[in-house]
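Student: turn this into a structure:
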Amino acid sequence: MTRHFQREIEILKKKILTLGSLVEETVRQATSAVVDRDGELARSIIDKDIDIDHMEVEIEEDCLKILALHQPVAIDLRFIIAVLKINNDLERIGDLAVNIAERAVYLAQQPEVSVSLDFPGMARKAKQMLKESLDALINLSPDLARKVCCDDEEVDNLNRQIYVRVQEGIRQYPHQIESLIHLLSVSRHLERIADHATNIAEDIIYMVQGQIVRHKAEIYTQHHEDNS
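Tutor: The predicted model follows:
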């Protein structure tokens, strides 16, 4: 590896981690805007989405330039491919955070719904998965990445529970149907954020071990064997 190539790889690593931190903070603020009914915070998130979009384009251009100029192989090639995919997932998570913020703007203007929904718990789990997937990237830890993959089922279950509660709420409080549908959308967006965090974790396993992991049963088994 030439010194110039090594320097470009280090710069790329810093950029993807910077984007990850920005996206993580955006998700935190978006979920807070829903829970705290803070329309002003929600609007500021929507305004800042362009920063994430610009960073995503810059990172993709850097990856393509490195591939063209240096033609990396083995783990270096896997790193570039993984960064390209992680970059895309982070941008999608940013978009989902904006979608949540848009729902928060509407909900902040409406009366509070009469149905108890565990958004703080679901948001906490989705944010934890995102944080751990980024920690796995920083530490190049396939074990932590596998943990993220295993945690995805918990968020799926929480999404299903909220769906059932919203259905019940629509029957009991038909005058709140629009607010309940917006809350259901928030739940779906959080579930998708967890899915993208899982994609990032799978890409890290590929980056470090050269193993393409798409079947959660295999990840789950490997994770528990490693921790038994």
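Student: checking residue 72 next. Helix, strand or coil?
Tutor: The local conformation at residue 72, judged by DSSP: H, G, I helix; E, B strand; the rest coil, is coil.
Student: and the gap between it and residue 80?
Tutor: Residue 72 sits 6 Å away from residue 80, going by C-beta to C-beta, to the nearest Å. Glycine gets a C-beta too; all of them are placed from N, C-alpha and C.
Student: just residue 168 next, same as before
Tutor: For residue 168, the distance to residue 80 - C-beta to C-beta - is 48 Å.
Student: these two - which one has more neighbours?
Tutor: Per other C-beta atoms under 10 Å, whichever of residue 168 and residue 80 has more neighbours is residue 80, with 20 against 12.
Student: isn't residue 23 right up against residue 97?
Tutor: Yes. Under the criterion of C-beta atoms under 8 Å, residue 23 makes contact with residue 97 at 7.2 Å.
Student: who are the packing partners of whichever strand or helix holds residue 182?
Tutor: Residue 182 is part of helix 177-209 when elements are defined by DSSP states H and E. If you count contacts as 3 or more C-beta pairs under 8 Å, 6 or more residues apart in numbering; DSSP states H and E, helix 177-209 packs onto helix 3-35, helix 74-108, helix 119-139, helix 142-172.
Student: let's have these in CSV, adding mean pLDDT and distance to residue 187.
Tutor: Listed next are these as CSV, based on pLDDT from 0 to 100; distance: least, C-beta to C-beta, whole Å:
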stretch, mean pLDDT, distance to residue 187
helix 3-35, 92, 10
helix 74-108, 94, 10
helix 119-139, 90, 7
helix 142-172, 93, 4
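Student: got those helices as JSON lines, with distance to residue 183 columns?
Tutor: Shown next, in JSON lines, are the helices and strands packed on helix 177-209 (distance: least, C-beta to C-beta, whole Å):
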{"stretch": "helix 3-35", "distance to residue 183": "8"}
{"stretch": "helix 74-108", "distance to residue 183": "7"}
{"stretch": "helix 119-139", "distance to residue 183": "7"}
{"stretch": "helix 142-172", "distance to residue 183": "6"}
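Student: how about those, which one is nearest residue 210?
Tutor: Residue 210 lies closest, by C-beta to C-beta, to one member of the helices and strands packed on helix 177-209: helix 74-108, at 6.2 Å.
Student: mind listing what's buried along that closest one?
Tutor: Within helix 74-108, the residues that qualify as buried are 76, 78-105, 107-108, counting by 16 or more other C-beta atoms under 10 Å.
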